[in-house]
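Asks: coordinates only, sequence not included:
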């Protein structure tokens, strides 16, 4: 037989595009359309429905950027359509390639009842099936004219990302607004042909099945009268029945489809728009659940559920009913799908606390899975947090985006820093927006790494990023793929049903130890510095507020601010969403974030001040309040007392120019360029700075990645560097030296200071930044030979190599730390701590003094200046604080990291304050002291082993205790807790390396 594949396949494409799809709606009549444009921000539904619209014609332009327009469409169903299925086709000017990325709408009836959402892949509204004829139709559409930010030529700078700069030019042209007859037979034929055509393209040419499908499709096309598609569609479908009924082979890959709409809580749209995106999507999904009995939809992010409850009660009622039916499934158990690299220990824990508690309180449902399909890598501390929250599974697909190395598993156990292992699945479909295309299904089966030992994978199915969710076409395709020869099988299941099957099938999968590093989007550790600083500062202010409010409540009866802290925590957690904290959202999002963090800081400082004044009482003594988990001089951790300063610092001229700082512990030489050429550890008789090198070196790189400007820094940025060594002014100031430099259009001022009695050189940097597409680093070349270094992460630290032996190590040329990085040779190390930066790099250099061996350079990433999606990223004044700590062990790194983030507070009063809770072991770090969330008055203490070794510790309560319980993160009794030995108000226990423990003390 002659090979006519290409002929038949081309015929199929043209007939589908030009004859069959247009015949889905064979008859239509126009609707009358009127519109009212809201003058500014979105209005309540009742106001939009009551507004007086003015006529607008199809083809007219509408919609200023970020505007809201209320369309009213009216019409009458023709009498001759009686007995047929009729739909309204409402095309607001959609581009079907941009679901979630352009204009959208939510359809209401005149009484305010929501009907469904509109988006480029979902333009229909069912009027009747069948209609009687003569029905009057009146629908209202709340339409959002969200501008297209990520266009066909992506990553071009645009002013559309902020309402303040976007202008008022209409963005869209109103397209089709009709009543139309739906020919369901033709609609089904389209899906038959799409499924078979897509499957055929994925099968081997030599496969008999491919040829069977080809011939069946050819016969179906022969059956269609191109001048009467509607009259001959049924006959064409009959000719496809045989190939559509052939069952899958027993060994076929098995896909659990989960209805899904990944909705970024902010990204190329502001937070307020996400509230509406969620309402549109949930309206669509509840309507679809009513129509499709096998369909299951899962939605993560408790914050988004709360938005529906609080802002769209008419939609919430439908959601609650669907949840009660078991088919609209809360997923993930987190407040948002957060970044997991940068959030601190407590913040990461609270993501689960607030997320899981919301679902428990609203529905009595507890999630077992963490659901993070789009997060930019996963910190090594996360497995223990997932387990401590009462969960046991993790799903993500983002690691498939890695540019260099292919991850070796799709199903595995992920081991964190403390040894906790979490059953983890990466969907081999490699998307969280699966649309049930044949290519996607075939890719999942071919790509699956665990063939021979496992057969199950999951496919999150539905339009996402900007929402939209699953469509009826996806469900119809899945029905045909349920058991079809040549394809993987597809069945709708909840996430829990999938994980239970997958874990039972593969109980001993391989283990991956350490971070799940995404070899992409590394610059998200630096972009939008003020957003990151706001997060870091908020985390530590919340620690202080809880600590001092709890202490004051127990000691003085101070009213503990439960509601305020709950609200503030949820706001901070929201801003840890994986496009806000990483700095990859539009300008509007980050402008609002800066203002939000300022407001939260004011509120939290108010709580802290009131609690500390209640504790200190009236008086004139200067009392130092120590919020850190380690003592400072004579002031205990979590206590307050008089400050004691010992020692002195001398400042002298340096021969050859510059200055020398000496406090008897360190001697620091700063040359005439303002660079640190020596930091000498006097007791250890050891130099810190590498030979012939200089620390405090600011380095400027060009930074224009190949794509994803705010997200990416590509390795080639290192090829070009400018050392900023020119100095405008250098002068002594207090215990330090002030240095001023200018470069490009920017100015930097630094204060290098060495306080009496301290083993740290403080580096305060203020940058007035006005560069474009540049990357600013702060370098410290260290005279250390180190094959690995420690980075702090949640509830501990982990090690990365300093070498690039393999492509896996080479790919980590930019990495994340929290408060510190630490390097050491046996017996002597160096820590570099920070108050607000995350990105860094560590490299090795051959010594220049003739000795064999290498030195190690640590560089903190300070600022970038990408132009997309925010063309003004990071412009303006920024302040950073770092400290170089010579002679530091890992415990010193931990302590100094906390110290730089929790500066002492001085309050005048009369009473010293004993700690509410004390721990007798320096390696055991308390991360939270608070009152229990249930309002019982119990005191909750969370701590962990921080040095990476075994520890015995005694926790002493500074109040009378009647009982102590080890709990999970939600403050419920835990079955997986260390053995406790209680004597009076003290509890003794042993901890494994990095073990996390939460204790709940019942007060007498």
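Replies: Great, that's in hand. The structure presented is a predicted model; accordingly, all values stated were derived computationally and were not measured. Numbering: from 1, shown residues only.
Asks: quick one: contacts of the one helix or strand residue 458 maps to?
Replies: Secondary structure from DSSP states H and E places residue 458 in strand 456-461. Applying CB atoms under 8 Å, 6 or more residues apart in numbering, the contact partners of strand 456-461 are 253-260, 262, 373, 395, 397, 410-411, 425, 427-429, 431-436, 440-441, 444, 448, 470, 474, 478, 490, 495, 498, 501-502, 505. To be clear about C-beta, it is placed using only N, CA and C from the backbone, and glycine gets the same treatment.
Asks: Looking at those, which are in strands?
Replies: Members of these lying in strands (criterion: DSSP state E): 254-259, 395, 411, 425, 490.
Asks: out of those residues, who's nearest residue 32?
Replies: Closest approach between these and residue 32, by CB to CB: residue 259, at 34.9 Å.
Asks: how about the helices of the stretch 301-450 of the chain, start to end?
Replies: Residue ranges of the helices in the stretch 301-450 of the chain, as given by DSSP state H, counting those that start in this stretch, are 302-311, 313-324, 345-363, 382-388, 438-447.
Asks: mind checking which of those is nearest residue 49?
Replies: Among the helices of the stretch 301-450 of the chain, the nearest to residue 49 by CB to CB is helix 313-324 (11.5 Å).
Asks: for that closest one, packing partners?
Replies: Counting contacts by 3 or more CB pairs under 8 Å, 6 or more residues apart in numbering; DSSP states H and E, helix 313-324 is packed against strand 114-118, helix 271-291, helix 302-311, strand 328-330, helix 345-363.
Asks: swap the cut-off to 6 Å and go again
Replies: Judged by 3 or more CB pairs under 6 Å, 6 or more residues apart in numbering; DSSP states H and E, helix 313-324 is in contact with helix 271-291, helix 302-311.
Asks: Turn those helices into TSV, columns for distance to residue 521.
Replies: Compiled in TSV, those are given as follows (distance: least, CB to CB, whole Å):
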stretch	distance to residue 521
helix 271-291	21
helix 302-311	22
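Asks: Please identify the most buried of the ones you listed.
Replies: Greatest average neighbour count among these goes to helix 271-291 (a mean of 23), per mean count of other CB atoms under 10 Å.
Asks: any idea how far that helix is from the chain center?
Replies: Relative to the chain's own centre, helix 271-291 is displaced by 21 Å; criterion: CA atoms, centre = their mean, to the nearest Å.
Asks: Other residues contacting the very next helix or strand once past it?
Replies: Next helix or strand after helix 271-291 toward the C-terminus (DSSP H and E): strand 297-299. The contact list for strand 297-299, computed with CB atoms under 6 Å, 6 or more residues apart in numbering, reads 258-259, 285, 328-329, 331, 495.
Asks: Quick one: mean pLDDT over strand 297-299.
Replies: Averaged across strand 297-299, the pLDDT comes to 98.
Asks: where's that strand relative to the chain centroid, distance-wise?
Replies: Centroid separation for strand 297-299 versus its chain: 18 Å, with CA atoms, centre = their mean.
Asks: Please list all residues in contact with residue 811.
Replies: Counted by CB under 6 Å, 6+ apart, residue 811 has contacts 404, 519.
Asks: pLDDT below threshold where in the chain?
Replies: 851 (pLDDT under 70).
Asks: Residue 947 contacts residue 890, correct?
Replies: Yes: in this structure, residue 947 is within contact of residue 890 by CB atoms under 6 Å, at 5.4 Å.
Asks: Please point out which parts of the host helix or strand of residue 138 sit buried.
Replies: Taking DSSP H and E as the definition, residue 138 sits inside strand 136-145. Within strand 136-145, the residues scored as buried using 16 or more other CB atoms under 10 Å are 137, 139-145.
Asks: So in terms of bridging, what pairs with residue 881?
Replies: Note on residue 881: beta-bridge partners by DSSP bridges are residue 764.
Asks: Touching, it and residue 764? I think so.
Replies: Yes: if you go by CB under 6 Å, residue 881 and residue 764 touch, sitting 5.3 Å apart.
Asks: where along the stretch 601-750 of the chain do the strands fall?
Replies: Counting by DSSP state E, counting those that start in this stretch, the stretch 601-750 of the chain has strands at residues 621-625, 640-641, 650-653, 659-662, 666-670, 676-681, 686-687, 697-702, 722-724, 729-733, 736-743, 746-753.
Asks: The last one - contacts with which helices or strands?
Replies: Packing contacts for strand 746-753, counted by 3+ CB pairs under 6 Å, 6+ apart, involve strand 736-743, strand 761-769.
Asks: And for that strand, what's in contact with it?
Replies: Contacts of strand 746-753 (CB under 6 Å, 6+ apart): 735-741, 762-771.
Asks: mind redoing it with 7 Å?
Replies: Residues from elsewhere that reach strand 746-753, judged by CB atoms under 7 Å, 6 or more residues apart in numbering: 670, 674, 676, 696, 698, 733-741, 761-771.
Asks: Quickly run through the sheet partners of that strand, with directions.
Replies: Strand pairing (DSSP bridges) places strand 746-753 next to strand 736-743 (antiparallel), strand 761-769 (antiparallel).
Asks: With the first one instead?
Replies: Sheet partners assigned to strand 621-625 using DSSP bridges are listed as strand 640-641 (antiparallel), strand 905-909 (antiparallel).
Asks: and residue 313, which of those is closest to it?
Replies: Short answer: strand 905-909, nearest of these by CB to CB, at 43.0 Å.
Asks: ok, and for the closest one, which residues are buried?
Replies: 905, 907, 909.
Asks: For the last one, give me its contacts.
Replies: Meaning residue 909. The neighbours of residue 909, taking CB under 7 Å, 6+ apart as the test, are 613, 616-619, 621, 623.
Asks: just checking, what packs against the helix or strand where residue 554 lies?
Replies: When elements are assigned from DSSP H and E, residue 554 belongs to helix 529-556. Judged by 3 or more CB pairs under 7 Å, 6 or more residues apart in numbering; DSSP states H and E, helix 529-556 is in contact with helix 345-363, helix 562-574, helix 587-616, strand 924-931.
Asks: what separates the first one from the chain centre, distance-wise?
Replies: On the basis of CA atoms, centre = their mean, the separation between the geometric centre of helix 345-363 and that of its chain is 15 Å.
Asks: list the buried ones in it?
Replies: Across helix 345-363, burial judged by 16+ other CB under 10 Å covers 345-359, 362-363.
Asks: Please apply the same query to the second one.
Replies: By 16+ other CB under 10 Å, the buried positions in helix 562-574 come out as 565, 568-574.
Asks: Surely residue 757 is in contact with residue 647?
Replies: Yes: using CB atoms under 7 Å, residue 757 makes contact with residue 647 at a distance of 3.8 Å.
Asks: So for the two, which sits in the more crowded spot?
Replies: In terms of neighbours (other CB atoms under 10 Å), residue 757 is the more surrounded of residue 757 and residue 647; the figures are 14 against 11.
Asks: Spatially nearest residue to residue 110 (excluding sequence neighbours)?
Replies: Closest residue to residue 110 apart from its sequence neighbours, by CB to CB, 6 or more residues apart in numbering: residue 138 at 5.5 Å.
Asks: Likewise for residue 88?
Replies: residue 125 (4.4 Å).
Asks: rewinding a little: got TSV for the helices and strands packed on strand 746-753, with distance to residue 726 too?
Replies: Output for the helices and strands packed on strand 746-753, formatted as TSV (distance: least, CB to CB, whole Å):
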stretch	distance to residue 726
strand 736-743	6
strand 761-769	15
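Asks: Those strands: which one's closest to residue 223?
Replies: That would be, of the helices and strands packed on strand 746-753 and by CB to CB, strand 761-769, which comes in at 67.7 Å.
Asks: Contacts for the closest one, please.
Replies: 666, 668, 679, 696, 746-754, 778, 862-863, 874-884.
Asks: now the angle from the strand holding residue 458 to strand 254-259?
Replies: 30 degrees (axes from the mean of the first three to the mean of the last three CA atoms, to 10 degrees).
Asks: Mutual contacts of residue 757 and residue 647, please.
Replies: residue 663.
Asks: List the contacts of the residue nearest in space to the middle of the chain.
Replies: For the chain, residue 578 is the residue whose C-alpha lies nearest the centre (CA atoms, centre = their mean; 2.1 Å). For residue 578, the contact set (CB under 7 Å, 6+ apart) comprises 337-339, 374-376.
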